[in-house]
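Trainee: the following comprises the amino acid sequence and a computationally predicted model.
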Amino acid sequence: MNSNILGVINLIHESDEMETLTASRCLATVPFGARFRLIDFTLSSMVNSGITKVGVFAHTKYRSLIDHLGSGKHWDLQHRQSGLFIMPPVTDDVNEVRRGDLYHFYQHRDYFTRSTQEYVLITRSHMICNIDFDAMLASHKASGADITVVTKVQPELFGGKARKLQIDERGRVTAMQDHYGRLESDLISMEMYLMRKELLLELVDTSLAQGQDHLVRHAIMSRVNQLHIQSYEYEGYLGVVNTLNSYYKNSMQLLRPDVWKSLFFEPGPIYTKVKDEPPARYAEGAKTSNSLVANGCVIEGTVINSILFRGVHVHKGAVVRNSIVMQNGIIGEHSFVDHVILDKDVTVEQGRELRGAEVSPFLAVKRKVI
Amino acid sequence: MGRKRMVAMLLAGGEGKRLGVLTKDLAKPAVHFGGKYRIIDFTLSNCAHSGIDTIGVLTQYQPLVLNTYLGIGSPWGLDRRDGGMAILPPYVKQKGGMWYKGTANAIYQNMGFIDRYDPDYVLVISGDHIYKMDYELMLKEHEERGADVTIACIEVGWKEASRFGIMHVDDDGAITDFEEKPKVPTSNLASMGIYIFSWQVLQQYLVRDEANRLSGNDFGKDVIPAMLQDGVKLQSYTFNGYWKDVGTLESLWEANMDLLSEKPALDLNDRDWRIYSVNPNRPAHYSAATADIADSLITEGCIIEGLVHRSVLFYGVQSGIDSQVRESVIMPNVKIGKGARIYRAIIGEGAIIGDGAVIGSPDNSSVTVIGSDEFVNATHSLQEVEQS
C-alpha cells in the first residue's frame, strides 16, 4: 500500500552552527553515529512509515547530498513511479536563492501539484529520531486539525536549538516561539509538520502575496490562532543536532545501549549509503571500552568512550578517548587524542597529542594532517 | 542483444552435505563466511572486478535463501540492461522437470542462455570457494596460448590431493593427464574448478556428452577426459594466491580463522578488491566497558559485553557479561548468554546460547557445531553437538 503522504525534507536555510563540519557540506549530510548522515534518520523514518515519494529541497553546499542520496536505492526509494527527488533552487537571479522556503516551494510547485498524495509532511534533517509517521497521520485525521506538528518534552537540549511550544489540555498549540523567545516550556517542535497538500499550497500563495516567505516563522506561527495546530508527541529518543556542542553531546548519548537499541531499531532500521566495508578487525593487544566501531575499522591500540566511523585505523600504542573519528581517519602509533572530533580523512601522525575539552571539543577539518 | 566476449556460468547448486546442519535449509554457496559475507560473494566479486557483466547462476538444491540473497544482482553491479545476472534453475519441460544431472548437464540445459550472447568464451566457475582472482588475466593467457580449454590449478598438500581433480602438465603448462578425485594421487596440482572454454568447442562436447548414456555428465569425470583423449588443446593456468575449498566444517572453520592472522593471505581490507555483498544495514557495533576483544573480526550490529578472542562474529551477535568466545565463528544474530563459554565452535544463525552454557572445550581439537536457531542452555551443554 502506498502512503497518502508526500514527504518533503526541507533544507532551505538550515541553521549552520557546526563550524567546519559544514564548511563544504550541508547540515543534512554531516556524518553522525559511526556510519550515518543526519538526514538518514528522517529519511529512513519516512520510508519505514510507507512513504514512497520524498522530495529533498536542497539549498546550498549540496554536492555531498547528491553523492550520499544518489538514486535513493539505499533507502528503497528507487521506484518506477515516485521515489526520491532532489530539488535544488530554481531561479533566474542568484539573489533569489536567499529567499525563504515558501519561495522555493513555489518555484517547485509542479512537484506538489503533480503528486497524487493528499497529505504533505514537511521536515528538517537535524532531528535525530526514529518515528512512525503513519501513526502521526492517523492522529492528524482523528483530531481534525489543520496542521499536526511533532513535539517532544525535552528539558535537556545539550546546546541544540529548537522552537518552543505551548499547548492546551487537548494538545492544541496555543503559542510558538523561536528558540531564543521567552516562552517557558520544555515542549519543543521537532519541525515536522503534516497537513493537506491543498493547505500548504494555499499558505505558499497567500504568504508570498503578503510579502512573507518562511513557512514556519510566517505562514504557521502567525496563524496559531486561525489554524488548528495540533501537537503529536513523539515518545522515542530525540537528539536536536544543529550546533557543534549538541553534535558532540548527542553523539556521546549513542554510547548508552538503551539509546543505541531504540534509536537504530525501533520502530524500524535506519538506512544509509552502503560502502562494502569488511567487518572491523581487532588485532592482538587491542582494547576497546564503551565505544561504537563501524565496519572497515582496524584497531591495534586503545579506544575508550569513542565513536569510530567506517575505515578508521587506530595504530599500535595509540589511545583514542572521548572522541569522534570520522571515515578513514588514521590515528598514528603512540599518539593520544582526547575530546576531539576528526572530520573525514584526518591523519594524526605518530606520537602526536591532541586534547580538547568536554565543553569545547577540538575539531579538525577534513583531510587535515596533524 | 549485444554480443559478449565471455559469459560466466556459476554452478551454485552444491548441496554441501559435509557442512552438516549448516546446509540443512541452505545451498552451500549461501553459507555465511567471514563476518558479513556468504561464500558466493567471493566468486561474484571476482566477476565484478574482472569486468564480467553476464552471469548465469545455476541453482538447484535449497534455492530459496540463495535466490532471495542474489536478487537481481545489484550488490555486485550485475543489474544491467544487457546481460547482468540470470538465475537459472532446472527447467520444467513438456515431459516433466529434469534435475541437473551433473555439472556439464547443467550447462547443456542452458545452452540457449549462452547462445543469446553469442560469446567467444564461456567461463565455468562454482560458488563454493574462497579466493580473489582476476579471470581477465586467465582469459588473456587462454588467448595467448591459443587454447581450447584453460583450467585454473593450484598446488595443494599431498594429503588432501585426493579430494580434487588432479592434473599433470608439461613444461609449457599443457595438460597431459587429468583424473577426478584419484584414490592415489600422482601429482598435487589440483583443478580449482575454474574453466575457460572456447564456446564452439564446448558446445560440441556438451552435445556429445549428453548423447552418451554412460556419461555422468560431469566436467571433471567425463567432459575433460573426453577432450584429452581427442587431443583438444587443454592448458593449465597456475594460480598462486589464497584459495580454499570450504566443503567441510573443518575447512570452513579454518578459512574463517585464516582471516585473523596479522597479514591474512586473503585481505578483506583491500580497497582495490572489495568483496561485495548484501549489506545488512545495522548500526556500528557497540563494545561495552566489560568487553575484551582481540584478534577478531566484529561486524556491525553486534553488542559485545564479554570476551572475544580469535573469533569471527557476524552481524547482530550479542555477547553477555562474563561470556567467553574463543577460536569460534558466530553467525548472524546469535545471542550468547551471561557467563557462557564457547571454544572452537561454529554457531549457526539465530542460535541462542543460554546463560552459563558451555560449548566445546579448550583442549578439543575438533570443531563443535550448533545449528541455526538452536537453543543450548547450561543444563544440556554440549561437548560435541556434531563432529565434523
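Mentor: Yep, it's here.
Trainee: may I have stretch B:118-128 exported as PDB, CA atoms only?
Mentor: Extracted C-alpha coordinates of stretch B:118-128, given in PDB (Å, rounded to 0.1, in the frame of the first residue of the first chain):
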ATOM      1  CA  ASP B 118      26.900 -15.400 -28.900                       C
ATOM      2  CA  PRO B 119      30.100 -15.400 -26.800                       C
ATOM      3  CA  ASP B 120      33.600 -16.400 -27.800                       C
ATOM      4  CA  TYR B 121      34.300 -17.900 -24.400                       C
ATOM      5  CA  VAL B 122      32.400 -19.400 -21.500                       C
ATOM      6  CA  LEU B 123      33.800 -19.200 -18.000                       C
ATOM      7  CA  VAL B 124      32.600 -22.000 -15.800                       C
ATOM      8  CA  ILE B 125      33.000 -21.400 -12.100                       C
ATOM      9  CA  SER B 126      31.500 -22.600  -8.800                       C
ATOM     10  CA  GLY B 127      30.200 -20.800  -5.800                       C
ATOM     11  CA  ASP B 128      32.000 -23.000  -3.300                       C
END
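Trainee: residues of it that come out buried?
Mentor: Buried residues in stretch B:118-128, counted by 16 or more other Cβ atoms under 10 Å in any protein chain shown: B:119, B:121-128. Glycine gets a C-beta too; all of them are placed from N, C-alpha and C.
Trainee: burial count for residue 344?
Mentor: Assuming you mean chain A. When neighbours are defined as other Cβ atoms under 10 Å in any protein chain shown, A:Lys344 has 17 of them.
Trainee: hmm, no, I was thinking of chain B.
Mentor: A count of nearby residues for B:Arg344, using other Cβ under 10 Å, gives 22.
Trainee: that one: what's it in contact with?
Mentor: Taking Cβ atoms under 8 Å, 6 or more residues apart in numbering or on different chains, we find B:Arg344 in contact with B:253, B:326-328, B:360-361, B:364, B:366-368.
Trainee: state the distance from B:Phe314 to chain A.
Mentor: To chain A, B:Phe314 is 8 Å away according to Cβ to the nearest Cβ, to the nearest Å.
Trainee: quick check, pLDDT for that residue.
Mentor: What the model reports for B:Phe314 is a pLDDT of 98.
Trainee: ok, B:Ser388 next?
Mentor: We have a pLDDT of 39 for B:Ser388.
Trainee: list the buried ones in the strand ranked longest in chain A?
Mentor: Using DSSP state E to define each element, chain A has its longest strand at strand A:187-196. For strand A:187-196, burial by neighbour count (16+ other Cβ under 10 Å) applies to A:187-195.
Trainee: closest to chain B among those residues?
Mentor: Each of those was checked against chain B using Cβ to the nearest Cβ; the closest is A:Met190, at 21.1 Å.
Trainee: what bits of the chain have low per-residue confidence?
Mentor: This is for chain A. Applying pLDDT under 70 to chain A picks out residues A:1.
Trainee: wrong chain, I was asking about chain B
Mentor: In the predicted model, chain B carries pLDDT under 70 at residues B:1, B:94-97, B:380-388.
Trainee: that one: helices as residue ranges?
Mentor: Taking DSSP state H, the helices of chain B run over residues B:40-49, B:63-70, B:103-108, B:111-115, B:135-145, B:199-211, B:224-230, B:249-258.
Trainee: so what secondary structure elements neighbour the longest strand of chain A?
Mentor: strand A:119-123, strand A:127-128, helix A:133-143, strand A:147-153, strand A:164-167 (3 or more Cβ pairs under 8 Å, 6 or more residues apart in numbering or on different chains; DSSP states H and E).
Trainee: mind putting those in a markdown table, mean neighbour count and distance to B:Ile72 included?
Mentor: Shown next, in a markdown table, are these (neighbours: other Cβ atoms under 10 Å in any protein chain shown; distance: least, Cβ to Cβ, whole Å):
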| stretch | mean neighbour count | distance to B:Ile72 |
| --- | --- | --- |
| strand A:119-123 | 24 | 31 |
| strand A:127-128 | 26 | 33 |
| helix A:133-143 | 17 | 28 |
| strand A:147-153 | 22 | 36 |
| strand A:164-167 | 20 | 47 |
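Trainee: closest to chain B out of those?
Mentor: Per Cβ to the nearest Cβ, nearest to chain B of these: strand A:127-128, 12.4 Å.
Trainee: ok, B:Ala30 - how many residues close by?
Mentor: Applying other Cβ under 10 Å, we find 28 residues neighbouring B:Ala30.
Trainee: that one contacts B:Leu66, correct?
Mentor: Yes: contact status for B:Ala30 versus B:Leu66: in contact at 4.2 Å, counting by Cβ atoms under 8 Å.
Trainee: spit out the residues that contact these two alike.
Mentor: Common contacts of B:Ala30 and B:Leu66 (Cβ under 8 Å, 6+ apart): B:Ile40.
Trainee: which residues sit in contact with the residue in chain B sticking out farthest from the centre?
Mentor: Distance from the C-alpha centroid of chain B, by Cα atoms, centre = their mean, peaks at B:Ala289 (36.9 Å). Contact analysis of B:Ala289 by Cβ under 8 Å, 6+ apart lists A:289-290.
Trainee: next one: A:Pro269
Mentor: By Cβ under 8 Å, 6+ apart, A:Pro269 lies in contact with A:44, A:48, B:281-282.
Trainee: mind listing the strands in the stretch 51-200 of chain B by residue range?
Mentor: Taking DSSP state E, counting those that start in this stretch, the strands of the stretch 51-200 of chain B run over residues B:54-58, B:84-88, B:92-93, B:96-97, B:121-126, B:129-131, B:149-155, B:165-169, B:175-180, B:189-198.
Trainee: what secondary structure does the nearest residue to A:Gln253 once chain neighbours are set aside sit in?
Mentor: Of all residues not flanking A:Gln253 in the chain, A:Val259 sits nearest, at 5.3 Å (Cβ to Cβ, 6 or more residues apart in numbering or on different chains). Recorded secondary structure, A:Val259: helix (DSSP: H, G, I helix; E, B strand; the rest coil).
Trainee: residues in contact with B:Gly301?
Mentor: Residues near B:Gly301 by Cβ under 8 Å, 6+ apart: B:280, B:282-283, B:285, B:315-317.
Trainee: same question, A:Ser45
Mentor: Contact analysis of A:Ser45 by Cβ under 8 Å, 6+ apart lists A:129-133, A:268.
Trainee: you'd agree it is in a helix?
Mentor: Yes: A:Ser45 sits within a helix when classified using three-state DSSP.
Trainee: tally up the residues packed near the closest residue to chain B within the stretch 51-200 of chain A, please.
Mentor: Per Cβ to the nearest Cβ, A:Lys73 is where the stretch 51-200 of chain A lies closest to chain B, at 7.5 Å. Neighbour count of A:Lys73, defined by other Cβ under 10 Å: 16.
Trainee: tell me how many other residues crowd the residue nearest to it when sequence neighbours are not counted.
Mentor: Nearest residue to A:Lys73, sequence neighbours excluded (Cβ to Cβ, 6+ apart): B:Ser74, at 7.5 Å. Per other Cβ under 10 Å, the neighbour tally for B:Ser74 reads 16.
Trainee: export stretch A:223-238 as PDB, just CAs?
Mentor: Taking C-alpha atoms only, stretch A:223-238 is exported to PDB below (Å, rounded to 0.1, in the frame of the first residue of the first chain):
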ATOM      1  CA  ARG A 223      -1.700  31.700  12.200                       C
ATOM      2  CA  VAL A 224      -1.500  29.900  15.500                       C
ATOM      3  CA  ASN A 225      -4.900  31.300  16.400                       C
ATOM      4  CA  GLN A 226      -6.500  31.000  13.000                       C
ATOM      5  CA  LEU A 227      -5.400  27.400  12.200                       C
ATOM      6  CA  HIS A 228      -5.900  24.400  14.400                       C
ATOM      7  CA  ILE A 229      -2.400  23.300  15.000                       C
ATOM      8  CA  GLN A 230      -2.200  20.000  17.000                       C
ATOM      9  CA  SER A 231       0.700  18.600  18.900                       C
ATOM     10  CA  TYR A 232       1.700  15.000  18.200                       C
ATOM     11  CA  GLU A 233       4.000  13.900  21.000                       C
ATOM     12  CA  TYR A 234       6.900  11.700  20.000                       C
ATOM     13  CA  GLU A 235       8.000   9.100  22.600                       C
ATOM     14  CA  GLY A 236      11.300   7.800  21.300                       C
ATOM     15  CA  TYR A 237      14.800   9.100  21.500                       C
ATOM     16  CA  LEU A 238      15.400  12.600  20.200                       C
END
